[in-house]
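Asker: Kindly generate the corresponding structure for this input.
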Amino acid sequence: MLLYFALILLGLAAGAISGMIGLGGGVFIVPALVFFFGFSQHKAEGTTLALLVPPIGILAAISYYRQGYVDVAAAGLICLGFVFGAWAGGHYATLVPEVALRRVFAAALLAIGARMMFSG
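Answerer: Below is the predicted model of the structure:
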């Protein structure tokens, strides 16, 4: 029961952060599942991808849309690419050793963070 409550709290925190700054599963949920819940990197990534199946961000997206901050055409096209990219990425990620997958994930976070921190 405590585990279920902790997972709901993780979802609430990630949802709030995602709604505020556009970051969610990949940045917060995956590391939390690995470090606090003992998931393998593969299981954490697979579980997080499963979160994308229902329209998780719909309420936050509606808030942004009402303020004129959603490009619906761009979102649709990205979504179309995301479906096939996620399928291919998920397939190949299951073939990568655990340690390598964790290192690639960390390197991506560092590169993105550094780029955002030091861009004008």
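Asker: looking at the chain, which helix or strand is least sure?
Answerer: helix 2-21 (a mean of 84; mean pLDDT, DSSP states H and E).
Asker: Could I get the buried residue list for that one?
Answerer: Leu7, Leu10, Gly11, Ala14, Gly15, Ser18 (16 or more other Cβ atoms under 10 Å). For every residue, glycine as well, the C-beta is placed using N, CA and C.
Asker: Please report how far the third one lies from Ala74.
Answerer: The one in question is Gly11. Applying Cβ to Cβ, to the nearest Å, the value for Gly11 to Ala74 is 27 Å.
Asker: ok, now the fourth one?
Answerer: Applying Cβ to Cβ, the value for Ala14 to Ala74 is 23 Å.
Asker: ditto for the fifth one
Answerer: The span separating Gly15 from Ala74 equals 22 Å under the rule Cβ to Cβ.
Asker: can you check the first one too?
Answerer: For Leu7, the distance to Ala74 equals 32 Å [Cβ to Cβ].
Asker: Same question for the last one.
Answerer: Counting by Cβ to Cβ, the gap from Ser18 to Ala74 is 18 Å.
Asker: ditto for the second one
Answerer: Distance from Leu10 to Ala74, counting by Cβ to Cβ: 29 Å.
Asker: In the one helix or strand His42 maps to, which residues are buried?
Answerer: Assigned by DSSP states H and E, His42 falls within helix 41-51. Buried residues in helix 41-51, counting neighbours by 16+ other Cβ under 10 Å, are found at Gln41, His42, Ala44, Glu45, Gly46, Thr47, Thr48, Leu49.
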